[in-house]
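Engineer: just a sequence and a predicted model for now, questions to come.
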Amino acid sequence: MFVSASCFGLGFLVAAGGVAAHSLALIYFGYGVIGGIGLGLGYISPVSTLIRWFPDRPGLATGLAIMGFGGGAMIGSPLGTKLMAFYKASGHQPIAATWVTMGILYFSFMMFGVFTIRVPQHRWKPAGWAPKATESAMISAHNVAVNTAFGTPQFWLLWIVLCLNVTAGIGILEQASPMIQDLFKGQLSPVAAAGFVGVLSLFNMGGRFFWASTSDFIGRKPTYMIFFIVGAVLYFLLPATGASKLNAVPLFVLIAGLLISMYGGGFATIPAYLKDLFGGYHVSAIHGRLLTAWSTAGIAGPLLVNGILDHYVAQHIPKEQAYPVILHIMAGLLVVGLVANLLVRPVAEKYYVTTTPELTV
């Protein structure tokens, strides 16, 4: 967490130097590379720590942490806007000064976590709680090392599960504002469309907590089955809300919100899914490797969506006709994710670690 705070704060400072020097490469290196390393470490470390403190409710714990990650934009975005306005009015270079200020603020608040967070003692457990080895075949009482887990079919099936869930979610998030304006032409102002994006952010946050907590009761695999089955149906039906016969803006917002809640829920549930399958020994490292699925989806999703939209624009076809195609493709991706999730089985005994150090949960 200390390395995370240092890299994240330093990334802002280096990027600010890039602004002052008019160097785009330095901005990419600071904010993208150094800051990105800090972001990744800062995302994983609290999640793995909370799993150790809440062995009875890992979904609830990871859902709370990842809900905080998803809600960060609700603080960072308006803070950045206000700081830039303040520095511009005072005659400073607004972007560089804002990044310096935010870098120092983020570092300070993250250091509070560095100095206060602890891991539980070896074999600690909540009072009155005892693990149930027979609770579910999908919850293992054994551990798997990260390099071994990387070679199991379960890891790669979950990689596909997360990648496709995220790719589908980006299909709405990336085009949320223009999509609702194009499908309901003349009915929503840009301000209202921006409000729609804000509503989706709330669904995103709430879904991270709700679905991850729910997975503690119904199981991780059934939770993802809901994501993929219900999600595929909703993606397929979503374009119909903008049809001339229906033309229902509230229904569109509701369906999009449910889809985004499951997108956020997929992020929050995956760490607990990994702990169930691979144990707590290397869960943070395994989670870190699995998050390459998120990175892949972050590239593939926008390329797919923008590629289709660009094709329609180049052919002089109205953009609103492209959205049903995009959303139906997303529904198809979720069907593939459903198959991958159905194929997940308990990890074979040959992959277990026979002895683990005292950090084992």
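Structural biologist: In hand now; what should we look at? Numbering: from 1, shown residues only.

Engineer: low pLDDT regions in the protein?
Structural biologist: Low-confidence segments of the chain (pLDDT under 70): 132-136, 243-247, 355-361.

Engineer: any idea how it splits into domains?
Structural biologist: With domains defined by automatic domain parsing, the chain comprises 2-116, 146-351.

Engineer: CSV for those domains, including distance to Pro131 and mean neighbour count?
Structural biologist: In short, each C-beta sits where N, CA and C put it, glycine included. Formatted as CSV, those follow (distance: least, CB to CB, whole Å; neighbours: other CB atoms under 10 Å):
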stretch, distance to Pro131, mean neighbour count
domain 2-116, 7, 18
domain 146-351, 11, 19
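
Engineer: which among these is found nearest to Lys125?
Structural biologist: Between Lys125 and those, the tightest spacing by CB to CB is seen for domain 2-116, at 6.2 Å.

Engineer: report the distance from that closest one to the chain centre.
Structural biologist: Computed by CA atoms, centre = their mean, to the nearest Å, the chain-centroid distance of domain 2-116 equals 16 Å.

Engineer: got it, and stretch 264-274?
Structural biologist: 9 Å.

Engineer: so what touches it?
Structural biologist: 47-48, 51, 58-59, 62-63, 65-67, 70, 158, 161-162, 165-166, 169, 203-212, 215-216, 220-221, 223-224, 227, 283, 286-287, 290, 294 (CB atoms under 8 Å, 6 or more residues apart in numbering).

Engineer: what do you get for stretch 225-235?
Structural biologist: Contacts for stretch 225-235 (CB under 8 Å, 6+ apart): 165, 168, 171, 211, 255, 258-259, 262, 265-266, 327-328, 330-332, 334-335, 337-338, 341-342.

Engineer: mind listing the helices for the stretch 101-250 of the chain?
Structural biologist: Secondary structure of the stretch 101-250 of the chain (DSSP state H, counting those that start in this stretch): helices at 146-149, 153-173, 176-183, 190-218, 220-237, 249-278.

Engineer: let's see the first one as CSV, backbone CA atoms only.
Structural biologist: So the one you mean is helix 146-149. Extracted as CSV, the C-alpha positions of helix 146-149 are listed here (Å, rounded to 0.1, in the frame of the first residue of the first chain):
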residue,chain,number,x,y,z
VAL,A,146,-0.3,-18.2,-7.8
ASN,A,147,2.0,-19.7,-10.5
THR,A,148,0.1,-23.0,-10.2
ALA,A,149,-3.3,-21.2,-10.3
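
Engineer: helices or strands up against that helix?
Structural biologist: In terms of contacts (3 or more CB pairs under 8 Å, 6 or more residues apart in numbering; DSSP states H and E), helix 146-149 is packed against helix 283-290.

Engineer: helices or strands up against the helix it packs on?
Structural biologist: Here helix 283-290 touches helix 35-53, helix 146-149, helix 153-173, helix 249-278, going by 3+ CB pairs under 8 Å, 6+ apart.

Engineer: and the residue of the chain most remote from its centre, helix, strand or coil?
Structural biologist: Note on the chain: the largest C-alpha distance from the chain mean falls to Gly91, namely 37.5 Å (CA atoms, centre = their mean). State at Gly91, reduced to three classes by DSSP: H, G, I helix; E, B strand; the rest coil: coil.

Engineer: Ser215: what's it in contact with?
Structural biologist: Contact analysis of Ser215 by CB under 8 Å, 6+ apart lists 59, 222-223, 269, 272-273.

Engineer: again, only this time at 10 Å
Structural biologist: Contacts for Ser215 (CB atoms under 10 Å, 6 or more residues apart in numbering) come out as 57-60, 62-63, 221-224, 226, 265, 268-270, 272-273, 276.
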